[in-house]
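Student: Take a look and give me a structure for this.
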Amino acid sequence: MATLHLRNVPPEVIARLEVIAVAERSSVSAVAVRELDMLSRRADNARLLNKLPDTDVSTDVLLTHLDAGRDER
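Tutor: Got it, this is the predicted structure:
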């Protein structure tokens, strides 16, 4: 596993990570790695979306149906 050293981390970010770590009985490093893992997964989104089949349904049609479904609630 690689090691990542972060510089110039604002004190308020460290303070928030410490609060989360204490609440989870974890370390700041573990919390930071978990958060970076979740954030970095966004890089896969475009690739995954491009793999989906083209359904020839326009965004306007989707939004119209979505809004109608919400109105029914």
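
Student: Now the helix-or-strand element of the chain with minimal mean pLDDT - C-alpha only, CSV.
Tutor: Every helix and strand in the chain was compared by mean pLDDT, DSSP states H and E; the lowest is helix 45-51, with a mean of 88. Extracted C-alpha coordinates of helix 45-51, given in CSV (Å, rounded to 0.1, in the frame of the first residue of the first chain):
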residue,chain,number,x,y,z
ASN,A,45,-18.7,7.8,-13.0
ALA,A,46,-18.1,9.0,-16.6
ARG,A,47,-16.7,5.6,-17.6
LEU,A,48,-19.6,3.8,-16.0
LEU,A,49,-22.2,6.1,-17.6
ASN,A,50,-20.6,5.7,-21.0
LYS,A,51,-21.0,1.9,-20.7
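
Student: Using the three-state scheme, assign Thr55.
Tutor: Recorded secondary structure, Thr55: coil (DSSP: H, G, I helix; E, B strand; the rest coil).

Student: How are the helices of the chain distributed by residue range?
Tutor: For the chain, the helices defined by DSSP state H occupy 11-24, 28-40, 45-51, 59-72.

Student: Tell me the gap between the shortest one and the middle of its chain.
Tutor: If you compare the mean C-alpha spot of helix 45-51 with that of the full chain, they lie 15 Å apart, counting by C-alpha atoms, centre = their mean, to the nearest Å.

Student: One more: stretch 20-38?
Tutor: Put simply, stretch 20-38 sits 15 Å off its chain's centre (C-alpha atoms, centre = their mean).

Student: Please work out the average pLDDT along that stretch.
Tutor: Mean pLDDT, stretch 20-38: 97.

Student: Tabulate the CA atom coordinates of that stretch in PDB.
Tutor: Included here for stretch 20-38 are C-alpha records, laid out as PDB according to Å, rounded to 0.1, in the frame of the first residue of the first chain:
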ATOM      1  CA  ILE A  20     -15.200  12.400  13.200                       C
ATOM      2  CA  ALA A  21     -12.300  10.100  14.300                       C
ATOM      3  CA  VAL A  22     -13.100  10.500  18.000                       C
ATOM      4  CA  ALA A  23     -16.800   9.800  17.400                       C
ATOM      5  CA  GLU A  24     -16.000   6.700  15.400                       C
ATOM      6  CA  ARG A  25     -13.200   5.600  17.800                       C
ATOM      7  CA  SER A  26     -10.900   5.700  14.800                       C
ATOM      8  CA  SER A  27      -7.800   7.500  13.700                       C
ATOM      9  CA  VAL A  28      -7.700  10.700  11.600                       C
ATOM     10  CA  SER A  29      -5.700   8.800   9.000                       C
ATOM     11  CA  ALA A  30      -8.400   6.100   8.700                       C
ATOM     12  CA  VAL A  31     -11.100   8.700   8.400                       C
ATOM     13  CA  ALA A  32      -9.100  10.600   5.800                       C
ATOM     14  CA  VAL A  33      -8.400   7.500   3.700                       C
ATOM     15  CA  ARG A  34     -12.100   6.500   3.800                       C
ATOM     16  CA  GLU A  35     -13.200   9.900   2.700                       C
ATOM     17  CA  LEU A  36     -10.600  10.000  -0.100                       C
ATOM     18  CA  ASP A  37     -11.700   6.600  -1.200                       C
ATOM     19  CA  MET A  38     -15.300   7.700  -1.500                       C
END
